[in-house]
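# Generate coordinates for the sequence data below:
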Amino acid sequence: MTAVTRKMVVFRLGDDRFAADVHDVERVLRWQAPRAIPDVPPWMDGVVEYQGRMVPVIGLRRRFELPDGGTDGTTRIVVMHGEQEWVGVVVDEVLEVSAYDPDAVQPPPAIFRGLAGAYLRGLVGTGEKLTILLDVKRLLSTTERIQLARAVEASAQ
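Sure thing, here's the model as predicted:
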C-alpha cells in the first residue's frame, strides 16, 4: 500500500524553512510594497491589489517575532487562503514545491508553544531539511480578521 502524499510550498524566513500546504496557496507574487492602511497591528504591512480585490499582507517575520530581514530580489508575497478570504504573507524566498506525507507530520515541540506555536501544524522532514508546516487558517484570529476587514474597507473608500 502506498502512502498518501500531499504537496507543500516551501519558503524561507531567515535561516528557517517554513511551508504551507499547496491547497492553501493561491499564488506567489513578486515583491511589491503594500499600501499602508491605518489602525492595524504592527505586523500588518498593508494591502496589495490582487485579482480586483484588496488583500491584506502580513509581515510574517514580525508576526512570528523574528528580526526584520528587509526585502530584496528574492522577497515574495505568498497569497494564501485564510478562513474565507485571501491573505498575503511576506517571505524572504520561495524555495520549492515538495511532497510530504501528512501522517508523518510531527507535532511541534514544546519550544514552539505560545504565540508562534499557535500557527503551526507541525514539523516535516529531518536534519537540514526540517520544515515548519504552517496552519494557514490560524494565521489570523476572528477578531483580527474583523479588524483587518474594517481597515481594508475604510482604506478603499
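# partner residues bridging the residue nearest in space to the middle of the chain?
Centroid-nearest residue in the chain: residue 89, 4.5 Å away (criterion: C-alpha atoms, centre = their mean). Beta-bridge partners for residue 89, by DSSP bridges, are residue 58, residue 78.
# tell me the contacts of it?
By C-beta atoms under 8 Å, 6 or more residues apart in numbering, the residues touching residue 89 are 57, 58, 60, 63, 77, 78, 80, 139. In short, each C-beta sits where N, CA and C put it, glycine included.
# can you rerun that using 6 Å?
Contact analysis of residue 89 by C-beta atoms under 6 Å, 6 or more residues apart in numbering lists 58, 60, 78.
# how close does the second one get to residue 95?
Which is residue 60. Separation of residue 60 from residue 95 (C-beta to C-beta, to the nearest Å) stands at 14 Å.
# Which one's more surrounded, the two?
Just comparing residue 60 and residue 95: by other C-beta atoms under 10 Å the higher neighbour count belongs to residue 60, 23 against 16.
# What segments of this structure are strands?
Using DSSP state E, the strands of the chain run over 6-13, 16-21, 25-30, 44-50, 53-59, 76-81, 86-91, 93-100, 120-124, 131-134.
# For residue 57, give its distance to residue 4.
Separation of residue 57 from residue 4 (C-beta to C-beta): 33 Å.
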